[in-house]
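S.K.: from the sequence below, what's the structure:
(2 chains)
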Number of protein chains: 2
Amino acid sequence: MRTSIPANLKLGFLGAGQLARMSALEAFRFGIQVSVFSDRSENEPVQFMTPFSISGSFESIDDLVAFAKECDVITLENEFISSQILKEVQQKSGTPIYPSPESFALIENKLIEKQTFEKAGIPVTPYQLITSESDLKSFGEKHGWPYLLKSSKGGYDGYGNETVRTLEDAIKAFEKLGGTKGHDIIAEAFVPFTKELAVQVARNETGSVVYPCCETVQENHICVAVLSPAPVPERHQKRAQELAIKAVEAIDGKGIFAFEFFLTENGEILLNESAPRPHNSGHYTIEGCISSQFENHVRAVLGLPLGATKLNAPAVAMINLLGTHSRSAETDHISNALATENGHLHVYGKVQSKVGRKMAHFTLLGDDLDKTYHKAKELTRNIEI
Amino acid sequence: MRTSIPANLKLGFLGAGQLARMSALEAFRFGIQVSVFSDRSENEPVQFMTPFSISGSFESIDDLVAFAKECDVITLENEFISSQILKEVQQKSGTPIYPSPESFALIENKLIEKQTFEKAGIPVTPYQLITSESDLKSFGEKHGWPYLLKSSKGGYDGYGNETVRTLEDAIKAFEKLGGTKGHDIIAEAFVPFTKELAVQVARNETGSVVYPCCETVQENHICVAVLSPAPVPERHQKRAQELAIKAVEAIDGKGIFAFEFFLTENGEILLNESAPRPHNSGHYTIEGCISSQFENHVRAVLGLPLGATKLNAPAVAMINLLGTHSRSAETDHISNALATENGHLHVYGKVQSKVGRKMAHFTLLGDDLDKTYHKAKELTRNIEI
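M.R.: Numbering: from 1, shown residues only, chains lettered A, B, ... in the order given. Modelled structure (predicted):
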């Protein structure tokens, strides 16, 4: 456990998007410096927030080691680097990486992830490793069509996932996802869920804290809103929280983790996805909870005591503000959102807007979840980015 | 009024200390970039938070104009630049400065400040411009000894102020403060106050918002704690808020302003000091109010609608954490403070600690002001910096 913050303590982020940005704000609050590694040529959100920024390849050990040597602790904002590379970077630089490469190795591959969580007694969606056309066929016969094909590596907001309706679909998707090139592809049964839930957990050597169970509202596999607490019976909320804690323990996680669940028609809760980092489902915690997922991310990876996760209001709604134009970014028509008591606008500082790109979000605190969600939608309806 | 935030909008800070730092965090939240002008050789708090940082002299028009040209709006974090220089920089760069040089001109000089506020009907402490030994004598005879001598320019945390007990004292202090070199020196009667109060107000073309009236607890002219709402009858709180609004209007202020008052034994409220910027008395608003003084500073100078100033809890206590050593900064023994629900630690990222230097602060939210203040002191008692 860390009991002091020395001058010039430097936290390094692998990745420079909005998740690192919102984490960096919390690091700054504690007087901690922020260093950032980016693999993009365009300026990224965190690069406007620190003089310590370098660009390189997520696959170059040399680039990553040079970066790591300048930092006291490294953390991730995405899952684009392999655990093997992280392990080598940690070894060669001597700089600890959290979540650890060992934890990350258990979830970077969807097949190993599912096996790990299943072994820990966590219900997951029915799945199978697919290696042949006959696997594609038999999975559909056993679990019904349509089902999902997923590349076992990568995958983000629906990328790397294909919904397949027929065997013909499945064969095409299998090839598209790289199955014929030797990539591990898994099939997942389509679960007729009633809600999608999410829970964040922060954990380190000082203990763990779990956030309220929230609902994520998705359109076309993109999260458009998050509601907390999730409008489901309390026993479901508690069950999701229990499973999330179990899942973090199963991978001996240090940092902040997010778990997404399906609530099925018969009241089962199945683990769907996990993320070893702050997650869109937890943006509402910035104002919605005493200590946000970003603050606890920073606390967790630095070995500081964790902060309280209680809700600050009976109801919290978060609206993702996606790009409405492809243009030089401009967050427009924001007056109503800004002028609303208990409304909080966050803009990520991206230079380019693209239709559907996550550019900003708006959080509203209130007393009644339905009304708060409705009002948050109204207040953001005219925003163009 | 501004209704949109374009990419690459850049807010420039003249000054790079903790006030600019905490303001910058709010600018970042809105996707706004931060540029900083520093007159120090050592790295300052905000310089670790942006790639856009330049050093120069607060007296060099060329340095300041070059900086201003890179920014969309400029704001201040201290009162070290003269309004005349600000005016010239604004004119030559074309970049607006808020608070405006015109507003600033009305408060940079303590004599003009007092005259301005008096004219607006705001009670101020009895004062007089001192130009001779006989003025020193007659002021003491009229208002009693001891009284205060203040340089009409500058002054910060008691610097530039002298308490004088005798005519001999007064003659020495007058010389020390530059009175014999032609600096304007004013005498101020010592007011036997029961409490020191403060109120922050944000104002721009969209309107104005006023924060709760808080109490500032001082030791040796240094603020050690702030309690909100101030433990005084509501009529005194309201009176201080009314006077604060009147004061901002008297100088046509755009930005965030802080006003410090004396509450006298007979229930009078006298304006003591004003600051055209975020102020130590308002640090508690980060967690204590819906929108903090820093957020409203950013909103105000950029012409955005202002945020709500309501308290988030019945009682808020803020403890200033001053340097306890002269050493490379290290904020030590912070576990208790961090592990406390509703406790919020802010470290300013200064590289060097000095005894008495403002290095960090701790805010605690609670239900009862006395208990919350007592607990906050207990939680921070062992912190060493």
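S.K.: show me where pLDDT drops low in the stretch 151-300 of chain A?
M.R.: In the predicted model, the stretch 151-300 of chain A carries pLDDT under 70 at residues A:154-159.
S.K.: which residues of it lie near chain B?
M.R.: When proximity is defined as Cβ under 8 Å from any Cβ of the partner chain, the stretch 151-300 of chain A approaches chain B at A:206, A:290, A:299. The C-beta positions use only the backbone N, C-alpha and C, and glycine is treated the same way.
S.K.: export the residues you listed to a markdown table and tack on neighbour count and secondary structure?
M.R.: What follows is those, written out as a markdown table (neighbours: other Cβ atoms under 10 Å in any protein chain shown; DSSP: H, G, I helix; E, B strand; the rest coil):
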| residue | neighbour count | secondary structure |
| --- | --- | --- |
| A:Thr206 | 18 | coil |
| A:Ile290 | 18 | coil |
| A:Arg299 | 26 | helix |
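S.K.: now the closest residue to chain B within the stretch 251-385 of chain A. Nearest residue, chain neighbours left out?
M.R.: Residue nearest to chain B within the stretch 251-385 of chain A: A:Val347 (2.9 Å; Cβ to the nearest Cβ). Among residues not flanking A:Val347 along the chain, B:Gly31 sits closest, at 2.9 Å (Cβ to Cβ, 6 or more residues apart in numbering or on different chains).
S.K.: what does A:Leu136 give?
M.R.: Residue nearest to A:Leu136 in three dimensions, not counting chain neighbours: A:Ala170, with 4.2 Å by Cβ to Cβ, 6+ apart.
S.K.: which residues does the helix or strand harbouring that neighbour contact?
M.R.: Taking DSSP states H and E as the criterion, A:Ala170 maps to helix A:167-176. Defining contact as Cβ atoms under 8 Å, 6 or more residues apart in numbering or on different chains, one finds that helix A:167-176 is touched by A:130, A:133, A:136-137, A:140, A:146, A:149, A:162, A:164, A:180, A:185.
S.K.: list the buried residues in the helix or strand following that helix.
M.R.: Downstream of helix A:167-176, the first helix or strand assigned by DSSP H and E is strand A:185-189. By neighbour count with 16 or more other Cβ atoms under 10 Å in any protein chain shown, strand A:185-189 contains the buried residues A:185-189.
S.K.: point out the residues in the stretch 1-150 of chain A that sit beside chain B.
M.R.: A:1, A:3-8, A:21, A:25, A:28-34, A:47-51, A:53.
S.K.: are any of these buried, and which?
M.R.: Buried subset of those (neighbour count, 16+ other Cβ under 10 Å): A:5, A:7, A:21, A:25, A:28-34, A:47-51, A:53.
S.K.: contacting residues for the most centrally placed residue in chain A?
M.R.: Residue closest to the average C-alpha location in chain A (Cα atoms, centre = their mean): A:His279, at 2.9 Å. A:His279 is in contact with A:19, A:198, A:200, A:258, A:293, counting by Cβ under 8 Å, 6+ apart.
S.K.: distance check, the residue nearest to the second one when sequence neighbours are not counted against A:Glu219.
M.R.: By the measure of Cβ to Cβ, 6+ apart, the closest residue to A:Ala198 outside its immediate chain neighbours is A:Ser281, 3.6 Å from it. Separation of A:Ser281 from A:Glu219 (Cβ to Cβ, to the nearest Å) stands at 15 Å.
S.K.: on that earlier part again, secondary structure element for the residue nearest to A:Val347?
M.R.: In this structure, B:Gly31 is located outside every helix and strand according to DSSP H and E.
S.K.: repeat for the one 5 residues further on
M.R.: Under DSSP H and E, the secondary-structure element containing B:Val36 is strand B:33-38.
S.K.: so what touches that strand?
M.R.: Residues contacting strand B:33-38 (Cβ under 8 Å, 6+ apart): A:48-49, A:349, B:8-16, B:20, B:24, B:27-28, B:44, B:46-47, B:49-50, B:52-56, B:63-64, B:67, B:70-71.
S.K.: give me the number of residues near A:Tyr284?
M.R.: Residues lying near A:Tyr284 (other Cβ atoms under 10 Å in any protein chain shown) number 28.
S.K.: which residue packs closest to A:Asp367, ignoring adjacent ones?
M.R.: Nearest residue to A:Asp367, sequence neighbours excluded (Cβ to Cβ, 6+ apart): A:Pro314, at 5.1 Å.
S.K.: return the residues in contact with that neighbour.
M.R.: When contacts are counted by Cβ under 8 Å, 6+ apart, A:Pro314 is found next to A:366-369.
S.K.: and chain A, what are its domains?
M.R.: Domain segmentation of chain A under automatic domain parsing yields A:10-97, A:126-189, A:193-380.
S.K.: including distance to B:Tyr98, could those domains go into a markdown table?
M.R.: Output for the domains of chain A, formatted as a markdown table (distance: least, Cβ to Cβ, whole Å):
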| stretch | distance to B:Tyr98 |
| --- | --- |
| domain A:10-97 | 22 |
| domain A:126-189 | 40 |
| domain A:193-380 | 17 |
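S.K.: so which of these is nearest B:Cys214?
M.R.: Nearest of those to B:Cys214, taken as Cβ to Cβ: domain A:193-380 at 20.2 Å.
S.K.: how about the residue nearest to A:Ala198, phi and psi?
M.R.: phi -70, psi -20 (degrees, to the nearest 10).
S.K.: what separation do you get for it and B:Ile290?
M.R.: For A:Ser281 relative to B:Ile290 (Cβ to Cβ), the value is 24 Å.
S.K.: buried ones in the lengthiest helix in chain A?
M.R.: Longest helix in chain A by number of residues (criterion: DSSP state H): helix A:234-250. For helix A:234-250, the buried set under the neighbour-count rule, 16+ other Cβ under 10 Å, comprises A:236-237, A:239-241, A:243-248, A:250.
S.K.: same question for stretch A:7-21.
M.R.: A:7, A:9-21.
S.K.: of the residues of the stretch 151-300 of chain A next to chain B, closest to A:Lys119?
M.R.: Closest approach between those and A:Lys119, by Cβ to Cβ: A:Thr206, at 26.4 Å.
S.K.: which SS state does A:Ala198 fall under?
M.R.: strand (DSSP: H, G, I helix; E, B strand; the rest coil).
S.K.: ok, now which ones touch it?
M.R.: Contacts of A:Ala198 (Cβ under 8 Å, 6+ apart): A:213-216, A:226, A:258-261, A:279, A:281-282.
S.K.: and if we set it to 6 Å?
M.R.: Contacts of A:Ala198 were listed using Cβ atoms under 6 Å, 6 or more residues apart in numbering or on different chains, and they are A:214, A:216, A:260, A:281.
S.K.: and it, how far is that from A:Leu311?
M.R.: 15 Å.
S.K.: before we move on, what about A:Ser93?
M.R.: With Cβ to Cβ as the criterion, A:Ser93 and A:Leu311 are 39 Å apart.
S.K.: cool, thanks, signing off.
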